[in-house]
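1. sequence unknown, structure follows:
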């Protein structure tokens, strides 16, 4: 049985395993698509440090993640995971972030499934932390976080 990780351990692990570089060109940020101009408008030139509550609009910006390159998701996802850990918890962010993370259930999904095992494990740890720390309320149910944690733990263990 795994020991539960503390908040500091979880955030340190996220930083450690998601050490990707910032997408510098539009092509590194989003492949050509009808949605690419929006992703580029919202994220081009922004670093992880620029992702904060005052500028990150969950219903708008989380949709962009579905149209980003795998490298861009790998770069920006840690900032959003850590944003979710800041009280008061943003349940709108949880709804959109959990929907995005849940897309890894699909066999044809490649971006999240293509992350490295250590990254899957870090996401599972993050989800387990959320399931312990956040009180159930409008938009958040522990069982949803636990189910997603199991999915990411399976993805981590399948490749290990």
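-> In hand now; what should we look at? Please read these numbers as outputs of a predicted model, since none were measured by experiment. Numbers count the residues shown, from 1 in each chain.
2. so where is this structure shaky, pLDDT-wise?
-> Applying pLDDT under 70 to the chain flags the ranges 1-3, 138, 160.
3. 80 instead, please
-> 1-4, 135-140, 159-160 (pLDDT under 80).
4. Report the contact partners of the residue nearest in space to the middle of it.
-> By CA atoms, centre = their mean, the chain has its centre lying nearest to residue 77, at 4.0 Å. Residue 77 makes contacts with 18, 65, as judged by CB atoms under 8 Å, 6 or more residues apart in numbering. Where you see a C-beta, it was placed from the backbone N, CA and C, and this is true even at glycine.
5. Just to be sure, it is in a strand?
-> No. The assignment for residue 77, made by DSSP: H, G, I helix; E, B strand; the rest coil, is helix rather than a strand.
6. ok, residue 53 to residue 86 distance?
-> To residue 86, residue 53 is 7 Å away according to CB to CB, to the nearest Å.
7. quick one: the helices in the chain?
-> 7-17, 26-29, 36-43, 58-65, 70-83, 91-102, 117-133, 142-159 (DSSP state H).
8. Nearest approach to residue 111 belongs to which of those?
-> With CB to CB, the closest approach to residue 111 among the helices of the chain belongs to helix 70-83: 4.8 Å.
9. That closest one vs helix 91-102, what angle?
-> In terms of direction (axes from the mean of the first three to the mean of the last three CA atoms, to 10 degrees), helix 70-83 departs from helix 91-102 by 140 degrees.
10. Counting neighbours, which bits of helix 70-83 end up buried?
-> With burial defined by 16 or more other CB atoms under 10 Å, the residues of helix 70-83 counted as buried are 72, 73, 74, 75, 76, 77, 78, 79, 80, 81, 82, 83.
11. possible to save the helices of the chain as a markdown table with distance to residue 111?
-> Output for those, formatted as a markdown table (distance: least, CB to CB, whole Å):
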| stretch | distance to residue 111 |
| --- | --- |
| helix 7-17 | 16 |
| helix 26-29 | 13 |
| helix 36-43 | 13 |
| helix 58-65 | 8 |
| helix 70-83 | 5 |
| helix 91-102 | 10 |
| helix 117-133 | 11 |
| helix 142-159 | 12 |
